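Colleague: sharing a sequence plus its predicted fold:
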Amino acid sequence: MRKTRRYLRATMPDGYVKTIGPTTDAFTHYWRIVAELANGKTEVFWGHTRSLAEARKKNGAARDAARMRGWTSFRFEIAELVEVPAAEA
């Protein structure tokens, strides 16, 4: 049986909207790290996972990355992905 392609959307607390797709994967959550660098610049890292627990594990990796890369600070955020019709994507 063929898997259905779908579009997924996450809305972050600051209003940023990320659309993923078309995909057949069973992603449930989107995560984002906004890192403040020592030179005042900002870097953004993001990804999607198949469970909330998997997304929460990225927070530990973010703390390690902050220490190794010398970030002055970072924000780690998780948002639930919701399916949207292809016409809205």
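Modeller: Done, it's in.
Colleague: neighbouring strands of the helix or strand harbouring E83 in the sheet, and parallel or not?
Modeller: Element membership of E83, judged by DSSP states H and E, is strand 82-84. Paired neighbours of strand 82-84 in the sheet (DSSP bridges): strand 6-11 (antiparallel).
Colleague: ok now the partner strand, how far from the chain's centre?
Modeller: 11 Å (Cα atoms, centre = their mean, to the nearest Å).
Colleague: what angle sits between the helix or strand following it and strand 6-11?
Modeller: The helix or strand immediately downstream of strand 6-11 is strand 17-23, counting by DSSP H and E. Taking axes from the mean of the first three to the mean of the last three Cα atoms, to 10 degrees, strand 17-23 and strand 6-11 form an angle of 160 degrees between their directions.
Colleague: so what are the sheet partners of strand 17-23 and their directions?
Modeller: Looking at strand 17-23 with DSSP bridges, its partner strands are strand 6-11 (antiparallel).
Colleague: quick one: residues in contact with the strand it pairs with.
Modeller: With contacts defined as Cβ atoms under 8 Å, 6 or more residues apart in numbering, strand 6-11 is touched by 17-24, 27, 29-30, 48, 79-86, 88-89. Just so you know, the C-beta spots here come from the backbone N, C-alpha and C atoms, and that holds for glycine as well.
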